[in-house]
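**Q** Fold the following for me, if possible:
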Amino acid sequence: MAMADDLHSPSEVARRVEQVLEGAERAALEILREAQHRARAEDERLAGRAEAIRGELFELGHVAAGLASQVEAMRKQIEVVQREIEAASSAGSRAPQPPSPAARPAPPPLPDPIEDELEFAQDDEPVVTRTPARVDDLSPERLVAMQMAAARCSREEVEDHLRRRYGVADPAPILDELYGREAV
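**A** Next up is the predicted model:
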């Protein structure tokens, strides 16, 4: 029983209470440190997001200002047209009409197709310059080939497409204009 009395002695109880309190304080400090760490991480995340939102708002402000100036310009144009219509109506004439086709200037003539030209180098060797695509040849096959070449498709891809899709038996002339003559 002496042992049981030692467990309940005031000094033993005080020592145990002190241990429990120290453990509780350590646990509370650890919880506090973890909470502070999480709070800092969340603050950083939120600060980054806030900065991104500020950037987006700044860009949207520029877009809104541009739109507002466009709307203002359109409003002014509408006012001018309304005044012209009112002036024409009060003068008893009709609203302004677009110029007749006869009054419009004719478009400039299209250049003649250029044939292969021979140029002579310094050693009098003839050099053939490539013929540009004929202006009047705007067949779907040629237009598709031009578009595919502009999109950096290979000569073989364009040739295959022209044969399969358009049934072009000999696409070499089109391909030669776009990619240069193929070595034989």
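**Q** domains for this structure, by residue range?
**A** 8-90, 118-179 (automatic domain parsing).
**Q** Quick one: neighbours of residue 162, just the number.
**A** The number of residues packed near residue 162 is 21, by other C-beta atoms under 10 Å. Every residue, glycine included, has its C-beta placed from N, CA and C.
**Q** ok, it touching residue 145?
**A** Yes - at 6.1 Å, residue 162 counts as touching residue 145 under the criterion of C-beta atoms under 8 Å.
**Q** Would you mind listing the residues touching both of these two?
**A** 171, 174 (C-beta atoms under 8 Å, 6 or more residues apart in numbering).
**Q** where's residue 145, which helix or strand?
**A** helix 140-150 (DSSP states H and E).
**Q** Only the buried residues of that helix, if you could.
**A** Neighbour-count burial for helix 140-150, counted by 16 or more other C-beta atoms under 10 Å, picks out 141-142, 144-146, 148-149.
**Q** sorry, back to before: out of the domains of the chain, which is the most enclosed?
**A** With neighbours taken as mean count of other C-beta atoms under 10 Å, those reach their highest mean count in domain 118-179, at a mean of 13.
**Q** I'd like the mean pLDDT over that one, please.
**A** Averaging pLDDT along domain 118-179 gives 77.
**Q** Where do the helices of the protein begin and end?
**A** 2-7, 10-90, 140-150, 155-166, 172-179 (DSSP state H).
**Q** weakest of these in terms of mean pLDDT?
**A** In terms of mean pLDDT, the lowest-scoring of those is helix 2-7 (a mean of 57).
**Q** how far away is residue 14 from residue 22?
**A** 12 Å (C-beta to C-beta, to the nearest Å).
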